[in-house]
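> Could you work out the structure for the sequence below:
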Amino acid sequence: MPSGASRVPERSHGRPSAPPVRGFRCLRRTRRPASRPGTHPRRVRPGSRPCAAGRPAGGGRPQHPGPAAGPHPLAGPDVRVRPAGHRYPAHPGRRGRHPVLVPADRPGRHRDSAVSATLDRIDAVSTLIASCPEVLRLVTGADGMAEARDSGRIASLLGPVAAAALADSLGTLRAYHALGVRSVTVAGAHWTATGLTPFGESVIREMKRLGVLVDVSGAAEETMDRVLAVTSAPVILSRSAARVLTDHPDNVCDDILRRLRTNRGVCMVSFAPDQVCRDDQPASLWDVADHVEHVRSLAGPESVGLAGSYGTAVGAPHTIGLEDASCYPNLIAELLHRDWSEADIAALTWGNAARVVREAKAP
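Numbering: from 1, shown residues only. Next up, the predicted model:
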């Protein structure tokens, strides 16, 4: 790992090195932090500014090494570390989601421009992946995810696409699927505003037939309820946390989490500070761990995953201890200290996501 990549709240004995993707034994040997951020020592690199309590050194934003040498920033020695100025999210199980969302509420936006903007983003992401064949692999299913992982590459899935970018056309949905898109978020469309219209129900059924995942993050509770009633395929929440812990519009209520257990869907817990913090305190990896545990307690160990939410906005703050994908081992260590089994950790970081992709095309 490049020098200076560690920005995690320090334990008294120093941070352990990142473990292999499939092993957790070295994390079990680490001691649990004595308290939450702000009360334990941190390492400050030479030249960085003093930090306020609970904030990382360097003015609240992690300091990264310069871009790696080579034709593309992803060609560096460790793609888990996000170089300064680049916004690529990597995931602990060597998989990555490539959102191709376009704003649905931009002034003057209409259906045709939403479709063309989405196609432009699909093309840009596909070009990026093709330019880094030694690092990334575009996949469309669980088998491709496993093959990419076994070959040392990051499995890259296209999606989600915004519901508004379907332009009220099942043909557009099928065209996106042919281009490799494997998830669509249902929030933000007129046919999902409060529940599902008849057209909305036909979209959900066609997504099930094609094997496209329904992403209900950010949707109204009535819409989530109708989606779960219409489809037998597992759904996903690609960027949600527990609303009972943090009242945020993109977070999910306990009732939906309980139904997720029956649906066999997956709630991917967001790391975004405004979705996990409480009482106006700086968000930390302990807060994320609390949300992950709450989701697991209601939805079950087979229905919880991780959504780093890295690179979703330029200059956005990051949760302390989870500033980029190189910090995932610290969250895993915290969960192990909370008596999670290695089987549940493996499901959280890889197995649940792979399963839901495989089961998207439900009978």
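
> hmm, which helix or strand of this protein has the shakiest average pLDDT?
Using mean pLDDT, DSSP states H and E, the weakest-scoring helix or strand in the chain turns out to be strand 95-98, at a mean of 52.

> Summarise which helices and strands the helix or strand just after that one is packed against.
Past strand 95-98, further along toward the C-terminus, the next helix or strand under DSSP states H and E is helix 111-130. Here helix 111-130 is seen to pack against strand 136-138, strand 154-158, strand 161-162, helix 170-178 when contacts are counted using 3 or more C-beta pairs under 8 Å, 6 or more residues apart in numbering; DSSP states H and E. Glycine gets a C-beta too; all of them are placed from N, C-alpha and C.

> repeat that for 7 Å
The elements that helix 111-130 packs onto, with contact taken as 3 or more C-beta pairs under 7 Å, 6 or more residues apart in numbering; DSSP states H and E, are strand 136-138, strand 154-158.

> So for it, what gets flagged as buried?
Of the residues in helix 111-130, those scored as buried under the neighbour-count criterion (16 or more other C-beta atoms under 10 Å) are 114-115, 117-119, 121-122, 125-126, 128-129.

> What of stretch 232-239?
Under the neighbour-count rule (16+ other C-beta under 10 Å), stretch 232-239 has 233-239 buried.

> mean confidence for that stretch?
Over the span of stretch 232-239, the pLDDT mean works out to 96.

> Ends of that stretch, what's the gap?
Across its full length, stretch 232-239 reaches 21 Å between end residues, using C-alpha to C-alpha, to the nearest Å.

> Need the contact partners of it.
Contacts with stretch 232-239, where a contact means C-beta atoms under 7 Å, 6 or more residues apart in numbering, come from 97, 160, 183, 208, 213-217, 227-228, 250, 252, 263-268, 270, 307, 309, 356, 359-360, 362.

> Measure how buried Ala316 is and give me the count.
A total of 14 residues lie near Ala316 under the criterion other C-beta atoms under 10 Å.

> nearest residue to it other than its sequence neighbours?
With sequence-adjacent residues excluded and distances taken as C-beta to C-beta, 6 or more residues apart in numbering, Ala316 is closest to Ala272, at 7.7 Å.

> I figured the one you found hits Tyr310, correct?
No: the pair Ala272 and Tyr310 fails to qualify as a contact (C-beta atoms under 7 Å) at a distance of 9.6 Å.

> neighbour count winner among these two?
Shown here are Ala272 and Tyr310; by other C-beta under 10 Å, Ala272 has more neighbours (27 against 20).

> pLDDT score for the more buried one?
According to the prediction, Ala272 has pLDDT 92.

> next one: the one 3 residues further on
In the prediction, the pLDDT value recorded for Gln275 is 94.

> gap between it and Ala347?
Distance from Gln275 to Ala347, counting by C-beta to C-beta, to the nearest Å: 22 Å.

> pretty sure Val181 is touching Val161, no?
Yes: in this structure Val181 lies within contact range of Val161 using C-beta under 7 Å: 5.3 Å.

> quick one: low-confidence parts of this structure?
1-111, 311-315, 362-363 (pLDDT under 70).

> quick one: the helices in it?
Here the chain has its helices, by DSSP state H, at 25-28, 111-130, 142-150, 170-178, 198-210, 221-230, 254-263, 273-276, 285-299, 328-337, 342-346, 352-358.

> The last one: which residues count as buried?
The reference is to helix 352-358. Judged by neighbour count using 16+ other C-beta under 10 Å, the buried positions of helix 352-358 are 352-357.

> so which of these comes closest to Val295?
When these are ranked by distance to Val295 (C-beta to C-beta), Asn352 comes first, at 11.0 Å.

> what's near enough to touch the closest one?
For Asn352, the contacting residues are 266, 302-305, taking C-beta under 7 Å, 6+ apart as the criterion.

> can you list the domain ranges for this structure.
Described in terms of automatic domain parsing, the domain architecture of the chain consists of the residue ranges 89-216, 232-363.
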